[in-house]
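K.L.:
take a look and give me a structure for this.
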Amino acid sequence: MTKITTMALLATLVACCAGVAEEIHSVQPAVGAVCLTTDQPIVIDGDLSDAAWQQAPVVSGFRISALEVLASNQTEFMVLRNADTLYFGVRCHEENMAGLVATVTMRDGRVWYDDDVELFFDVDHDHDDFCQLMANSLGTRFDAKTGSSTWDTEWEAAASTEADAWLLEVAIPFASLGAEPPAIGDIWGMNVCRERQAGRDRVLQNWANVQGNFLRPWLFGHIYFAGESFELTDDLAREVYRSIEVPVELYLPGRRALVGPKGVENTRTWQEILAEEFGQAGELRELHAELAQTFAQNPDAPHQDEFAPLDERFARLRELAGGAEPVSPAQWATQTIQIDRLQAELHELKWKVRIALLLQEA
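P.N.:
Below you'll find the model as predicted:
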């Protein structure tokens, strides 16, 4: 190889490495989940009613991969650990349970053709090698390492269904991921993704936005290993920031905190976040008020039957945003979607009513 060719190759490699470095955490802020330590037993049966799960922070806010759009059928997960095992509990909300695709029953079969959940772990936190574990709503498992399906490891998965969701419960020995049990304060790269097949089209959901390709460890979120309890202080927040090197939205019990170089930049409950979003939805409130006034002044106006369910949804949104009850992360995501949907539907109904009233007067 000539000197010029060698120099050109080195320049290309440097440019490629720089490009990858710039892409790490290009979606900012990054996201982080807290894994608490438990000594309570967890039975892997697809039932999330074990007492241990009641103490785990619930994480949600899944978006359609590659888009900044919240998924309409939200996913929630919880994570816990004991001395030697990592546990995940996942609830996949589903409005079309009859359309749930669950056909693969063979270990290491093409689980991704079914409705499935996929867990990703970058245990060295080097944004490079990763373990991928996936399971469908039958509990059928598939595993791979850095894209290679020849890798197999030992872990458990069990699933169950509810009227409007399917559930997954997973136990993963740390040794099965090639890792020592993490110490308190350790951070791994981690992501939770979902392939939803139950709708008309296949939809990819992700917690950390990997921009349309689940196999991008440099865009994973993060898991912080805590003790039996967790208190976010400025010192700890700065430690988390130094480990991840970008601001992080940390999911905590009942709230979400943004941490950065100066510590805790803000902490807000899900109700407070929803209240802010509802407060900014001035056009939605104006449309609702206009239609409510129209029907109050014209009791015989057409399309009142169409307004009634929209009015109920608006009332529920206003109630949750008003702080009458705690809001879960999945409720926040679902109601945030309602803001845009309701606005579009009320706008369409407004013009239908106006045209109908004009025709009546003609």
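
K.L.:
alpha carbons only for contacts and neighbour counts from here, please
P.N.:
OK.

K.L.:
now Met97: how far from Gly147?
P.N.:
Separation of Met97 from Gly147 (Cα to Cα, to the nearest Å): 30 Å.

K.L.:
whoops, I mixed them up, Ala208
P.N.:
Ala208 sits at a distance of 18 Å from Gly147 (criterion: Cα to Cα).

K.L.:
between the two, which has more neighbouring residues?
P.N.:
Ala208 (26 against 13; other Cα atoms under 10 Å).

K.L.:
which SS state does the more buried one fall under?
P.N.:
coil (DSSP: H, G, I helix; E, B strand; the rest coil).

K.L.:
who's in contact with it?
P.N.:
30-31, 62, 191-192, 219-221 (Cα atoms under 8 Å, 6 or more residues apart in numbering).

K.L.:
let's see which of the residues you listed end up in strands.
P.N.:
Counting by DSSP state E, those place 30-31, 191-192, 221 in strands.

K.L.:
which of these sits closest to Gln40?
P.N.:
Nearest to Gln40 among the ones in strands among the contacts of Ala208: Val192, at 23.8 Å, using Cα to Cα.

K.L.:
so who does the closest one touch?
P.N.:
Counting by Cα under 8 Å, 6+ apart, Val192 touches 117-120, 206-208.

K.L.:
6 Å instead?
P.N.:
Applying Cα atoms under 6 Å, 6 or more residues apart in numbering to Val192 gives the contacts 118-119, 207.

K.L.:
look at it and report its pLDDT.
P.N.:
At Val192, the model reports a pLDDT of 98.

K.L.:
just Val123 next, same as before
P.N.:
Looking at Val123, its pLDDT is 97.

K.L.:
got the contact list for it?
P.N.:
Counting by Cα under 6 Å, 6+ apart, Val123 touches Trp188.

K.L.:
same thing but at 8 Å, please
P.N.:
For Val123, the contacting residues are 130, 177, 179, 188-189, by Cα under 8 Å, 6+ apart.

K.L.:
of the residues you listed - the most surrounded one?
P.N.:
Gly189 (24 neighbours).

K.L.:
against Gln304, how distant is Arg354?
P.N.:
For Arg354 relative to Gln304 (Cα to Cα), the value is 12 Å.

K.L.:
whoops, Arg107 was the one
P.N.:
From Arg107 to Gln304 the distance is 53 Å (Cα to Cα).

K.L.:
list phi and psi for Glu239.
P.N.:
Main-chain dihedrals, Glu239, degrees, to the nearest 10: phi -60, psi -40.

K.L.:
before we move on, the earlier item: and which of the ones in strands among the contacts of Ala208 is nearest His125?
P.N.:
Among these, Gly221 lies closest to His125 (Cα to Cα), at 10.3 Å.

K.L.:
so the closest one touches Ala30, yeah?
P.N.:
Yes. Counting by Cα atoms under 8 Å, Ala30 is a contact partner of Gly221 at 6.1 Å.

K.L.:
ok, the two, which is more surrounded?
P.N.:
Set side by side, Gly221 and Ala30 show more neighbours around Gly221, with 29 against 22, by other Cα under 10 Å.

K.L.:
show me what contacts that one?
P.N.:
30-32, 189-191, 207-208.

K.L.:
check Arg63 too.
P.N.:
Listed by Cα under 8 Å, 6+ apart, the contact partners of Arg63 are 69-71, 205-207, 209.

K.L.:
filter the residues you listed to the buried ones?
P.N.:
Neighbour-count burial (16 or more other Cα atoms under 10 Å) is assigned, among these, to 70-71, 205-207, 209.

K.L.:
and the residues you listed as JSON lines, adding distance to Arg238 and pLDDT?
P.N.:
Shown next, in JSON lines, are those (distance: Cα to Cα, whole Å; pLDDT from 0 to 100):
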{"residue": "Leu70", "distance to Arg238": "29", "pLDDT": "95"}
{"residue": "Ala71", "distance to Arg238": "31", "pLDDT": "94"}
{"residue": "Gln205", "distance to Arg238": "30", "pLDDT": "96"}
{"residue": "Asn206", "distance to Arg238": "26", "pLDDT": "97"}
{"residue": "Trp207", "distance to Arg238": "23", "pLDDT": "97"}
{"residue": "Asn209", "distance to Arg238": "23", "pLDDT": "94"}
